[in-house]
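Asks: sequence and predicted structure below; questions after.
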Amino acid sequence: MPHEHNSGPPAARKDALPQVKNIIAVGAGKGGVGKSTLALNLAVGLQRDGASVGLMDGDIYGPSMPTLLGIKGIAPNVRGNRILPFFVHGIHAITIGALVEPEKPLIWRGPMAHGAFKQLLIDNTEWPALDYMIVDLPPGTGDVPLTLCQLLPLTGAVVVATPQQVALDDAVRAVRMFQQLEAPILGMIENMSYFVGPDGKEYDIFGRGGTEQAAQRLGLAYLGAVPMFTELRVNSDAGKPTANFEGDPRLRDALQNVVRNLAGEVSKRNLRPAAPELTIT
């Protein structure tokens, strides 16, 4: 039987990263659904719409951001004992992949993962003032999402899924995890929604629309769909995310739609009155 925490999650530290207005976790129930790719494109899209944005690669088991950002093999600058985030593609980014040897397996026990995440996110990185920080989580429902929700005053979480049922089952588990940790869910995104062939035709390989149906069933916002484009894969492998917003207009429009729906959900969340805090003496 899994161990139950009867006391609930500890309160998030409201003083953590006070220079960041909105902290958004991007999670997924399973690996391989394009969570890191979407986290990066959300960050770039928000920046292109005029926001100052940071990206924290919290996927400490398989950091793909060095490739996606085009910074493979480049060490970050350090000031004293503080790491300065990379400034690439208009965003401030940090990844544990830039601090370890390439191709070295990252094998963590729970407390090590917790410590590494806390040090990289809060203690040792000099983040500037930001409108948004996007945090790319490892897939699944393990220690790192739990740590994030304990450490930070999250604005909310985004869950990425692909349309087929086996992926949606895992995505629903990720949603339930965030809800159990009392992290607001900003919405769900359907990645690999359909494939656009060289002939320009659309093919529903995985059963387009499944994530939207799941979001409706769960009472969550549906932030939109991102299709499978060869161009998206090529740009990601080349570390050129801005090219996704400058090439095929269908890809650009799909990404901008998701970005703007997310910004809208954040605005709605920030307009809600905060719950009163009880001080018991």
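Replies: All right, it came through fine.
Asks: where do the helices of this protein begin and end?
Replies: 35-48, 65-69, 110-118, 143-151, 165-180, 210-218, 230-238, 249-271 (DSSP state H).
Asks: can you list contacts of the longest one?
Replies: By C-beta atoms under 8 Å, 6 or more residues apart in numbering, the residues outside helix 249-271 that reach it are 22, 24, 38, 41-42, 45-46, 49, 51, 132, 155-156, 158, 184, 186-187, 189, 196, 221, 223-227, 229, 231-232, 244-246. All C-beta spots, glycine's among them, are computed from the backbone N, C-alpha and C.
Asks: buried subset of these as a PyMOL selection?
Replies: PyMOL command restricting the contacts of helix 249-271 to the buried ones, with burial defined by 16 or more other C-beta atoms under 10 Å:
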select buried, resi 22+24+38+41+42+45+46+51+132+155+156+158+186+187+189+196+221+223+224+225+226+227+229+232+244+245
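Asks: just flag whichever of the helices of the chain has the lowest average confidence.
Replies: Mean pLDDT is lowest for helix 110-118 among those, at a mean of 65.
Asks: regarding this protein, what is its longest strand?
Replies: strand 185-196 (DSSP state E).
Asks: who does that strand touch, helix- and strand-wise?
Replies: helix 35-48, strand 156-161, helix 165-180, strand 202-203, helix 210-218, strand 222-228, helix 249-271 (3 or more C-beta pairs under 8 Å, 6 or more residues apart in numbering; DSSP states H and E).
Asks: apply 7 Å and report the result again.
Replies: strand 156-161, helix 165-180, strand 202-203, helix 210-218, strand 222-228, helix 249-271 (3 or more C-beta pairs under 7 Å, 6 or more residues apart in numbering; DSSP states H and E).
Asks: still on that earlier bit, in a markdown table: the helices of the chain, plus distance to I94.
Replies: Supplementary listing: these in a markdown table, determined by distance: least, C-beta to C-beta, whole Å:
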| stretch | distance to I94 |
| --- | --- |
| helix 35-48 | 12 |
| helix 65-69 | 9 |
| helix 110-118 | 11 |
| helix 143-151 | 14 |
| helix 165-180 | 23 |
| helix 210-218 | 29 |
| helix 230-238 | 19 |
| helix 249-271 | 21 |
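Asks: compute the inter-axis angle for the longest strand of the chain and strand 156-161.
Replies: 30 degrees (axes from the mean of the first three to the mean of the last three C-alpha atoms, to 10 degrees).
Asks: just checking: what are the partner strands of strand 185-196?
Replies: Applying DSSP bridges, strand 185-196 is found paired with strand 156-161 (parallel), strand 202-203 (antiparallel), strand 222-228 (parallel).
Asks: got those as CSV, with distance to V258 and mean pLDDT columns?
Replies: Compiled in CSV, these are given as follows (distance: least, C-beta to C-beta, whole Å; pLDDT from 0 to 100):
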stretch, distance to V258, mean pLDDT
strand 156-161, 9, 92
strand 202-203, 17, 86
strand 222-228, 4, 94
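Asks: no further queries at this time; thank you.
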